[in-house]
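1. sequence and predicted structure are below.
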Amino acid sequence: MAELTQARLKELINYDPTTGIFTWRVTRGRVNRGEAAGCKQGNDQYMHCCIRIDSVNYKAHRLAFLYMHSYMPPLIDHKDGDTLNNRIENLRQATQSQNLANCKCSKNNASGFKSVWFHKGDKRWMSQIMARGHKIYLGSFLTPEEAHEAYKRAALTYFGEFARFE
């Protein structure tokens, strides 16, 4: 099976970079020209839009990047964390580490702050960051807010524009 090219994509689909919406250029099978392309797939943790082209399913954010930049990088990050927001200004090429740095705080996090937890034995709030493949201990603190501030400083240092604090 041939790799999808920008030319083939543009032959089949229109993409509006300001809205992130795809529409069909052609009538094929069960889809009609002008109809919205794609459907939502995934779960509570990761929902995305998927579009089937030439018997292959593609994530819409990957197609948006191909449509606008003529290539699909290995990993694409949604700046705002909304995996259904496929406006081109919301998409950027990223490494695995950068993409993980931009993840939101886990729903199971009891402290309410990313990378902050309470150590029962020490009765203090702890913070750490995962950077360059290593866990880096940021210290223990009297309040979760202090631990969170330590995380924010470290995230800006290690991740720059990819740092997410909530």
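-> On my side now, so go ahead.
2. CA only for contacts and neighbour counts going forward, please
-> Noted.
3. list the neighbouring strands of the lowest-mean-pLDDT helix or strand in the chain plus their orientation.
-> The helix or strand of the chain with the poorest confidence is strand 39-42; it has a mean of 80 (mean pLDDT, DSSP states H and E). Sheet pairing here is set by DSSP bridges, and for strand 39-42 it gives strand 47-53 (antiparallel).
4. can you give me the buried ones in the partner strand?
-> 48-51 (16 or more other Cα atoms under 10 Å).
5. and for stretch 32-40?
-> Under the neighbour-count criterion of 16+ other Cα under 10 Å, stretch 32-40 has 36-38 buried.
6. output those as TSV; include the columns distance to residue 131.
-> Formatted as TSV, the buried residues of stretch 32-40 follow (distance: Cα to Cα, whole Å):
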residue	distance to residue 131
36	40
37	38
38	35
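7. show me the protein divided up by domain.
-> Domain assignment for the chain, taken from automatic domain parsing, gives 6-93, 105-162.
8. now the strands for the chain?
-> Counting by DSSP state E, the chain has strands at residues 13-16, 21-24, 39-42, 47-53, 56-59, 76-78, 91-93, 116-119, 124-131, 134-141.
9. can you report how many residues neighbour the closest residue to residue 106 other than its chain neighbours?
-> Among residues not flanking residue 106 along the chain, residue 114 sits closest, at 7.3 Å (Cα to Cα, 6 or more residues apart in numbering). Using other Cα atoms under 10 Å, residue 114 has 22 other residues around it.
10. and what of residue 120?
-> Applying other Cα under 10 Å, I find that residue 120 has 8 neighbouring residues.
11. if I look at it, how far off is residue 126?
-> Distance of residue 120 to residue 126, given as Cα to Cα, to the nearest Å: 10 Å.
12. likewise for residue 113?
-> From residue 113 over to residue 126 the distance is 11 Å, taken as Cα to Cα.
13. which of the two has more neighbours?
-> Between residue 113 and residue 126, counted using other Cα under 10 Å, the more crowded position is residue 126 (24 against 20).
14. please name the nearest non-neighbouring residue to the more buried one.
-> residue 140 (4.4 Å).
15. shared neighbours of residue 113 and residue 126, anything?
-> residue 144 (Cα atoms under 8 Å, 6 or more residues apart in numbering).
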